[in-house]
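In: Sharing a model that was predicted from the sequence below.
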Amino acid sequence: MSGQLVGTLIIAAVVTGITVPLAMRLAPKLGAMDEPNERKVHSRAMPRLGGLALFLGVWAGWLVGGMPREWLGLLLGASVVFLLGLADDMRGVNPWVKLLGQILAATIAAGGGVLFASIGHPLNEGQMFPLHGWAFPVTIFWFVAVTNAVNLIDGLDGLAAGVGSVAGLTLAAAAALAGNPEGVAPALIISVCLLAFLPFNFNPARIFLGDCGSMFTGFFLAGASVLGVAKTATAVIILVPLVILGIPLFDTLFAILRRVHSRQHIFRPDREHLHHRLLVIGFSHRGAVLFIYALSALLGLTAVWLTQLTFPQGLLLLGGVAALLFLAALRLGVIGRRWRLRLRQHRTAEDVLKG
């Protein structure tokens, strides 16, 4: 790691840490407060302006540390997402408007060179497969998917910040091992900013990331993953960001499928995300968060291992890990008949308390 990058990371972390108290004081004045309701786990109004500290930390690191100009498209796109999330935290924004804003931000980043122009050919190791006209749509879809996935997982104190920092660190390690240093710096800078923010956000939290922070984090991780795999000819590398970000991505996918199956609006929030399920089956608030941290670390280590394997070997490894996680979920009762029974009992208990 170069001295310049170390200096950038230190600046980013320090600026983030010292601006969190500022964000906490500013949130009530801007109306960026998260009020408790039946779907949320906190019982008092909380400032949700933590994204401001991340935003300032990342920009300070880039400006003072003299990071490459190739970052500019990613930073500008992430800034659009931050402002969009800030507006939502302060006044509320229509979900479709948020989606269009995310597409605009992703287009800015892709236009700045953060682009899946080609991927490793799965049938011919070492050969690049050009995406041609699909490059922009695939890249924009990836940015939007990861941005919303991290936003949706931000349901417990410290959850999105911790999972995001683990994802960033493992993305940096995977990019370095794959010989693609362009993806290392952006992954590390968002990680150190999240780690500087986490002491204020871990249970019991004093401030939340807010939409401005969770979407900014997701967008930046998406960009770091593109830079980490876009120029690597090894086909299995394309699986790495999918595995590292597996928890928020699959939680979001299942949420969409669940809402479609129930004929509900896909943007309608519910209490059936992974972290809610862990609470229902008996995990404490901190226990649920730490358990998901451990899952994130396991998937991160798996992804780093993938960088050293061929495509068929990687699929075999992923199949084994997926089977173990599925069996563990059944055993814990996070899915299946035991989950439905626990959920029914939980809802009955809630009705009794409300009565």
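Out: Happy to help now that I have it.

In: Show me which residues of the helix or strand containing Trp62 are buried.
Out: Using DSSP states H and E, Trp62 maps to helix 50-65. Using 16 or more other CB atoms under 10 Å as the test for burial, helix 50-65 gives 50-62, 65. Using the backbone N, CA and C atoms, a C-beta is placed for each residue, glycine as well.

In: which one among those gets closest to Ala328?
Out: Nearest to Ala328 out of the buried residues of helix 50-65 is Gly50 (CB to CB; 31.3 Å).

In: Please report how far Val97 lies from Leu84.
Out: 8 Å (CB to CB, to the nearest Å).

In: and these two? which has more neighbours close in?
Out: Neighbour comparison, Val97 and Leu84: the larger count goes to Leu84, with 25 against 12 (by other CB atoms under 10 Å).

In: okay, the more buried one: pLDDT?
Out: In the predicted model, Leu84 carries a pLDDT score of 95.

In: looking at it, it is touching Arg91, isn't it?
Out: No: with contacts counted by CB atoms under 8 Å, Leu84 stays clear of Arg91, the gap being 11.6 Å.

In: ok, residues contacting stretch 73-81?
Out: For stretch 73-81, contacts defined as CB atoms under 8 Å, 6 or more residues apart in numbering pick out 55, 58-59, 62, 101-102, 104-114, 143, 147, 186, 215-216, 219-220, 223, 227.

In: List buried residues within these.
Out: 55, 58-59, 62, 101-102, 105-110, 112-114, 143, 147, 186, 215-216, 219-220, 223, 227.

In: Skip the chain neighbours and tell me the closest residue to Gly111.
Out: Once flanking residues are discounted, Gly111 sits nearest to Gly73: 6.3 Å by CB to CB, 6 or more residues apart in numbering.

In: And the one you found, how far from Ile108?
Out: For Gly73, the distance to Ile108 - CB to CB - is 6 Å.

In: go on, Val146?
Out: Counting by CB to CB, the gap from Val146 to Ile108 is 16 Å.

In: And Ile153, by the same measure?
Out: Distance from Ile153 to Ile108, by CB to CB: 24 Å.

In: Walking through the stretch 101-250 of the chain, point out its strands one by one.
Out: For the stretch 101-250 of the chain, the strands defined by DSSP state E, counting those that start in this stretch occupy 118-120, 128-130.

In: Can you pull out the low-pLDDT segments for the stretch 51-200 of the chain?
Out: Counting by pLDDT under 70, the stretch 51-200 of the chain shows low-confidence ranges at 66-70, 120-128.

In: what angle do the lengthiest helix in the chain and helix 50-65 make?
Out: Secondary structure of the chain per DSSP state H: the longest helix is helix 3-30. Computed with axes from the mean of the first three to the mean of the last three CA atoms, to 10 degrees, the direction of helix 3-30 lies at 150 degrees from that of helix 50-65.
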